[in-house]
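J.: with the sequence up front, the predicted model follows.
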Amino acid sequence: MDMVYPGGISCIVKKGDWLKKLGVGPAYEFVGTTDSIMIRVPDHSVTAHLTDMTGPLAITSANPSGESDSTHHDHVISRLSNKLDAVLCDGNSNELVGSTVVICTKIDEGSITILREGCVPAAKIMQIFETAKNMEYSVL
């Protein structure tokens, strides 16, 4: 994750005590699935500033499942306004397609799976993964 964030990659990882250490408290059961959570750190100054003030945010995608990616706040408002209390408006996204989603739940076994190829090509993801396998990292 150190090698890809911030950027256009979403990593699906196993849930565990590390998540509880972030302070999610009773929300742990409601974040992600029973076993996993998707993490994204966008390369976006407004979002970075917001998370500097709030800490990590648990959010959903900005488009209904199966629909095209939302790349402007007007897309989010037109599709989801009836389900939202607020929308952070900051113009066009710096990405024209959604993030590349990588399943990392078996990373300890030496494998990852590209669930959806998005703004970061799958070949680049695999190159980063091969480089990371040869490095030593400490775990929280």
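T.: Arrived safely, thanks for sending.

J.: nearest spatial neighbour of the residue nearest the centre of the chain, skipping sequence neighbours?
T.: Nearest to the mean C-alpha position of the chain, by C-alpha atoms, centre = their mean, lies Arg40 at 2.2 Å. Nearest non-adjacent residue to Arg40, counting by C-beta to C-beta, 6 or more residues apart in numbering: Ser10, 4.4 Å away. The way it works is simple: take the backbone N, C-alpha and C, and place the C-beta from them, glycine included.

J.: coming back round to it: could you pull up the residues touching the residue nearest to the centre of the chain?
T.: Neighbour list for Arg40: 9-11, 99 [criterion: C-beta atoms under 8 Å, 6 or more residues apart in numbering].

J.: among those residues, which ones are buried?
T.: Using 16 or more other C-beta atoms under 10 Å as the burial test, the contacts of Arg40 include 9-11, 99 as buried.

J.: out of those residues, who's nearest Thr34?
T.: Nearest to Thr34 among the buried ones among the contacts of Arg40: Cys11, at 17.6 Å, using C-beta to C-beta.

J.: what sits against Thr113?
T.: Thr113 makes contact with 102-103, 106, according to C-beta under 8 Å, 6+ apart.

J.: show me just the buried residues among those.
T.: The buried subset of the contacts of Thr113 (16+ other C-beta under 10 Å) comprises 102-103.
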